[in-house]
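Student: My questions concern the predicted model and sequence given below.
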Amino acid sequence: MGAAQSDIKLLVIDDDRRDLEFIAEVLAESDLHILTADDPEKGLELVRREHPQIVLSDIVMPKINGMELLGKILEIDPAIEVILMTAHYSTEAAVEAIKKGACDYLTKPISLPVLRERFEKLAMNARLRQRTLALDSELVETWQFEGMVGRSPLMREMWMLIRRVAPHYRNCAVTGPTGTGKELVAHALHKLSPVAAGPLVVCNCSAVVETLFESELFGHVKGAFTGANTDKIGLFESAHGGTLFLDEIGDMPLTTQAKLLRVLQNQEVQRVGSLHARKVDVRVVAATNHDLRAQIAAKQFREDLYYRLSMVEIKTPALADRKEDLALLERYLLQKFAAQYNKPLAGLTLRTQILLARHSWPGNVRELENVIGHACMIATGVFIDLADLPPYLREVPPEGGALVLLPGRQPESPATALSFDEQERQVVQQALTHTGGNQARAARILGISRDKLRYKVKKHNLA
């Protein structure tokens with residue numbers, strides 16, 4: 001069966017060619033593209049090159065046994081469903097295989113109806129995952145607005161306000177925590193405004209030395225102060241006919257705030273050292289992560305300037321307040337960095353999504369972007385897994401107190417030095433509590449098979 005006939009690949013690894021031929025013949029009529037390898041090293045090479053969704057492997061083989069092979073396959077791609085088979089069944093071996101991540105354990109000779117049934121279900125699940133990934137990509141394209149991604153009510157409300165404000169505003173305040181995309185809002189306001197063809201000039205107020213603020217904003221004439229060897233155009237004049245974005249305006253000195261207020265009122269600037277005012281036509285977007293009302297009370301921000309700027313105020317929501325957008329943002333950022341690093345990344349494993357969903361995201365979307373960018377850069381498989389995340393996410397307990405770590409990984413920090421068994425027990429208990437004891441749902445949340453979950457429930461004596 002050719003690859004063109006099916007997009008679901010099954011790789012069968014067995015050193016007995018007769019078994020390979022038998023399995024290939026039995027499953028020939030199934031909707032699977034079947035690959036075979038009579039050597040485990042060749043099988044691993046096929047896993048790296050073809051990325052099959054399902055692998056069926058014998059356990060007793062030369063060079064690399066099936067248990068070792070299982071670990072190596074899941075290192076390459078933790079999303080692969082691996083089934084082990086053996087002619088010498090033992091309960092201990094079956095339990096070990098499930099613990100190491102196998103989704104099933106079959107005994108030779110394999111019943112033909114059982115074989116067909118198992119692979120039909122696995123192929124159906126693989127197609128469902130493919131469809132889910134495709135739908136995620138479609139949703140990313142649908143739920144974008146001027147570089148911002150989301151479908152939560154908070155984001156849709158903000159986009160609606162931007163559309164309404166953009167054609168009319170002269171001054172606008174954008175407030176919200178660090179990393180929530182205030183500059184993207186400024187870009188959207190400018191692009192949708194009548195001056196979209198004009199310049200968008202950006203000033204980061206927190207990066208400007210206090211003594212140079214006026215010169216930076218309003219310009220200066222030659223000889224105005226020591227070092228002023230030529231005339232200089234300020235940012236207001238540079239933004240004439242367009243928009244000036246004043247980022248972190250809460251860090252602007254009070255003396256400069258007074259002069260900014262006059263410019264906003266009169267639409268005139270006076271270069272430092274000049275006696276002549278110059279007319280400007282500039283729309284101003286001012287952003288801050290500070291509480292400006294608290295700064296007014298502390299005499300750190302002018303009240304009259306605040307009211308001039310905040311005639312229209314747009315608030316960017318924290319990521320913690322729109323967690324329903326997390327999966328969409330993850331997919332958007334994965335696509336972005338996969339293209340940037342030229343990697344064939346398909347998605348995040350379930351356990352990785354769970355860990356990211358538990359994080360509080362104090363750095364908001366900017367933090368998420370850093371995390372996904374880091375993971376995409378170092379990932380070696382087609383799915384982002386826990387090992388690809390920055391250490392502070394993998395090894396620090398989330399708010400619920402349970403740790404989600406890679407099998408066999410121990411915390412490096414003494415503060416998180418629970419035993420792995422205790423960590424595992426907490427994670428399994430949390431999943432069961434969340435699902436009301438529904439083992440099928442808990443297994444899906446944890447990204448493991450139901451058999452593996454049952455083993456862990458019994459191991460830790462969980463009800």
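Tutor: Structure's in. What do you need?
Student: Which element, helix or strand, includes Glu41?
Tutor: In the assignment (DSSP states H and E), Glu41 maps to helix 40-50.
Student: what comes into contact with that helix?
Tutor: For helix 40-50, the external contacting residues (CB atoms under 8 Å, 6 or more residues apart in numbering) are 9, 11, 13, 15, 35, 37, 52, 55, 57, 61-66, 69, 72-73, 76-77, 80. C-beta coordinates here come from the backbone N, C-alpha and C atoms, glycine included.
Student: Next step: those residues restricted to strands.
Tutor: For these, the ones inside strands are Lys9, Leu11, Ile13, Leu35, Ala37, Val55, Ser57, with DSSP state E as the criterion.
Student: What is the neighbour count of the residue nearest to the third one when sequence neighbours are not counted?
Tutor: Right, Ile13. Nearest residue to Ile13 in three dimensions, chain neighbours excluded: Gly43, at 3.7 Å (CB to CB, 6 or more residues apart in numbering). Residues lying near Gly43 (other CB atoms under 10 Å) number 27.
Student: what separates Gly43 from Thr36, distance-wise?
Tutor: Distance, Gly43 to Thr36, by CB to CB, to the nearest Å: 9 Å.
Student: just the CA coordinates of the helix holding Glu41, formatted as PDB?
Tutor: C-alpha atoms of helix 40-50 as PDB (Å, rounded to 0.1, in the frame of the first residue of the first chain):
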ATOM      1  CA  PRO A  40      16.000  -2.400  15.300                       C
ATOM      2  CA  GLU A  41      18.600   0.100  14.100                       C
ATOM      3  CA  LYS A  42      17.000   0.300  10.700                       C
ATOM      4  CA  GLY A  43      13.700   0.700  12.500                       C
ATOM      5  CA  LEU A  44      15.000   3.700  14.500                       C
ATOM      6  CA  GLU A  45      16.300   5.300  11.300                       C
ATOM      7  CA  LEU A  46      12.800   4.800   9.700                       C
ATOM      8  CA  VAL A  47      11.200   6.400  12.900                       C
ATOM      9  CA  ARG A  48      13.500   9.500  12.400                       C
ATOM     10  CA  ARG A  49      12.900   9.800   8.700                       C
ATOM     11  CA  GLU A  50       9.200   8.800   8.400                       C
END
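Student: List the residue ranges of the stretch 201-350 of the chain that fall below the pLDDT cut-off.
Tutor: Regions of the stretch 201-350 of the chain meeting the criterion pLDDT under 70 are absent.
Student: at 80 instead, please
Tutor: Applying pLDDT under 80 to the stretch 201-350 of the chain flags residues 223-229, 350.
Student: where exactly do the helices run in it?
Tutor: Using DSSP state H, counting those that start in this stretch, the helices of the stretch 201-350 of the chain run over 213-218, 235-238, 254-266, 292-297, 303-309, 326-341, 350-358.
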